[in-house]
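> Quick one, fold the following:
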Amino acid sequence: MRRGHVNVQIPTEPIGSIPRPLKLISAIKKYECGEISMDQVDLLYDEAVRTTIDEFIATGSPVITDGEQRKYHNFASYCVHGLPNFAPDGFKLQFENHYRILPRITAGPFSYRQSADTHLQRAMELTNMPIKQAVISPSALSLFYPAKNIAGYAREQFIEELLEQHEAEIRRCLALGAHSVQIDFTEGRLANKLDASGQILRNFVNLNNMALDRFNQTERRRIGVHTCPGGDCDSTHSADVDYSELLPSLFELNACNFYIALARESDRPRILRMISQYIKPHQMAYIGVIDPLNPEIETVQSVVDRVVEAAQYIPLAQLGTTDDCGFAPFSDDTSTSRETAFAKIRNRIEGTRLANEFLNIKTARNLL
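Numbering: from 1, shown residues only. Alright, predicted model coming up:
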C-alpha cells in the first residue's frame, strides 16, 4: 500500500432545536394568560432539558445540544424577549403559508435580557458530553432596528452595541467549554429575496464579519455558521432563492465551520460542486443529510448515499454531516414530534458512521 492514507472520521452534529414537550408548550400559553406562575413553567423547562439531553445521548450522538428548550419563543429574539424598549410589530418574516413577526427596538440602549450561555451552563451541569450552543447572528439582530431612524438613537450606535452583546455571548459560551458555537444565519438566502441586487446580503456578510473578526483563529475553529431557507411549521421562507446567490458570499465569512441545508434540495450535485468551488482549505462543510420538514424518517441507507455523494465533491477531511435545520426553531411548532426528530437524528448518526467506514475502505483500496 502507498504510504500516506489516514483514516478520516467524518464528524456529525445537530443544528440545535428539538420540539418541546406538549405539556411545556401548554404551560407557556397558560403563563402568558396569567393562569400559572413562571416558577411552575421553570420546573417544566428543567424537565424538558433533562429529558432532551438523555434522549440525545441515547441516539449515540457524539455532540449534543439542550434542544433549545429554554429559548423563549424562538431562536432569533430569545435574547430580547420582555425588554421594555421593544415593540412586537417589527420585521415580518414571511413563510410559504404563514408569517412570524420579529420585535422592533424603540429606544436605546440595545442589550440582551437572556443570553444563550446561561442555557449552556445549565445543560453542562447535567452531562459531560460535548455540547454545542447556537446563537443568533448579528445580521438577524440588525432586523430589530426599523427602517426609519429612531430619534436619539442612531443605527450606528445600535450596531456597535449589538456587536458587543453578540461577542460577549460567544465568549462566555467558549469560556464555559462549549464544543462549538453555531451562529444561526438563516436570513442569508432571504437577503436575496428581499433585495435581488445582493446589497443586503453583502451588508449581512460584512456585519457578521465585523463580529467574527473580534475572535482569533484558534477561537474561530470553534465557531460555525448555519444556513438554511428557514424552517417553521413544515414551510420555508426562502427555498426559492437559488444557492448560487448565496454560496460565493457565505464562504467569505471568517468562520471555520459551515452547516449547510442540503437534504431538501432537488439538485444536490450542482450545489455540492459550488461548495467545492468556494470552500477554503481551513473550512469544514457540514452537509445536511436530514430534512426536518419531511415527516418521513430518512433511512440509514439514504444517509449513507448522501454522504458518499457529498464525498465525490468535498474532501473527506473537510466533510461533516448535520440536519438541514433545527426541528422547532419556534417554540410553539408542533409539526414534528420529538419521536420523529430523534429517529431522524439516530439515522443520521448511524448513516454517517457507515458511510465513513465505506469511504475509508474505498480510499485505502484505491491506494493499493
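
> any chance you could map the strands in the stretch 101-250 of the chain?
Defined through DSSP state E, counting those that start in this stretch, the strands belonging to the stretch 101-250 of the chain, from first to last, are 104-105, 132-136, 180-184, 223-227.

> Next, the angle from the second one to strand 223-227.
Meaning strand 132-136. Here strand 132-136 runs at an angle of 60 degrees relative to strand 223-227 (axes from the mean of the first three to the mean of the last three C-alpha atoms, to 10 degrees).

> strands paired with strand 132-136, and their directions?
Strand 132-136 sits in its sheet next to strand 180-184 (parallel), going by DSSP bridges.

> Among the strands of the stretch 101-250 of the chain, which comes closest to Ile159?
Put simply, out of the strands of the stretch 101-250 of the chain the one that sits nearest Ile159 is strand 104-105, at 11.6 Å, with distance taken as C-beta to C-beta. Bear in mind the C-beta positions are built from the backbone N, C-alpha and C, glycine included.

> List of residues touching that closest one?
For strand 104-105, the external contacting residues (C-beta atoms under 8 Å, 6 or more residues apart in numbering) are 80, 85-91, 144-146, 150, 153, 158.

> Would you format those as TSV with pLDDT and distance to Ala261 included?
Formatted as TSV, these follow (pLDDT from 0 to 100; distance: C-beta to C-beta, whole Å):
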residue	pLDDT	distance to Ala261
Val80	96	26
Asn85	98	34
Phe86	98	29
Ala87	97	31
Pro88	95	28
Asp89	96	29
Gly90	96	25
Phe91	96	21
Phe144	98	24
Tyr145	98	27
Pro146	97	29
Ile150	98	34
Tyr153	98	35
Phe158	98	29
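
> In PyMOL, select just the buried ones from these.
With 16 or more other C-beta atoms under 10 Å as the criterion, this PyMOL line picks the buried residues out of the contacts of strand 104-105:
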select buried, resi 80+85+86+90+91+144+145+150+153+158
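
> Unless I'm misreading it, Asp232 sits right up against Phe327, doesn't it?
No: counting by C-beta atoms under 8 Å, Asp232 does not reach Phe327; the two are 10.6 Å apart.

> can I get the strands of the stretch 101-250 of the chain in JSON lines with distance to Ala196?
Rendered in JSON lines, the data for the strands of the stretch 101-250 of the chain read as follows (distance: least, C-beta to C-beta, whole Å):
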{"stretch": "strand 104-105", "distance to Ala196": "25"}
{"stretch": "strand 132-136", "distance to Ala196": "25"}
{"stretch": "strand 180-184", "distance to Ala196": "24"}
{"stretch": "strand 223-227", "distance to Ala196": "18"}
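
> got CSV for these, with mean neighbour count too?
As requested, the strands of the stretch 101-250 of the chain are exported to CSV (neighbours: other C-beta atoms under 10 Å):
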stretch, mean neighbour count
strand 104-105, 19
strand 132-136, 25
strand 180-184, 25
strand 223-227, 24
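
> number of nearby residues for Glu350?
Residues near Glu350, counting by other C-beta atoms under 10 Å, number 18.

> quick one: secondary structure of it?
Assigned with DSSP: H, G, I helix; E, B strand; the rest coil, Glu350 falls in the helix class.

> Let me know the distance separating Thr321 from Val63.
The spacing between Thr321 and Val63, counted by C-beta to C-beta, to the nearest Å, is 11 Å.

> coming back round to it: okay, the strands of the stretch 101-250 of the chain in CSV with mean pLDDT next?
Shown next, in CSV, are the strands of the stretch 101-250 of the chain (pLDDT from 0 to 100):
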stretch, mean pLDDT
strand 104-105, 98
strand 132-136, 98
strand 180-184, 98
strand 223-227, 98
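
> do you know how far the spatially closest residue to Gln318 that is not a sequence neighbour is from Phe258?
With C-beta to C-beta, 6 or more residues apart in numbering as the measure, Met284 is the residue that lies nearest to Gln318, at 5.4 Å, once sequence neighbours are left out. According to C-beta to C-beta, Met284 and Phe258 sit 7 Å apart.
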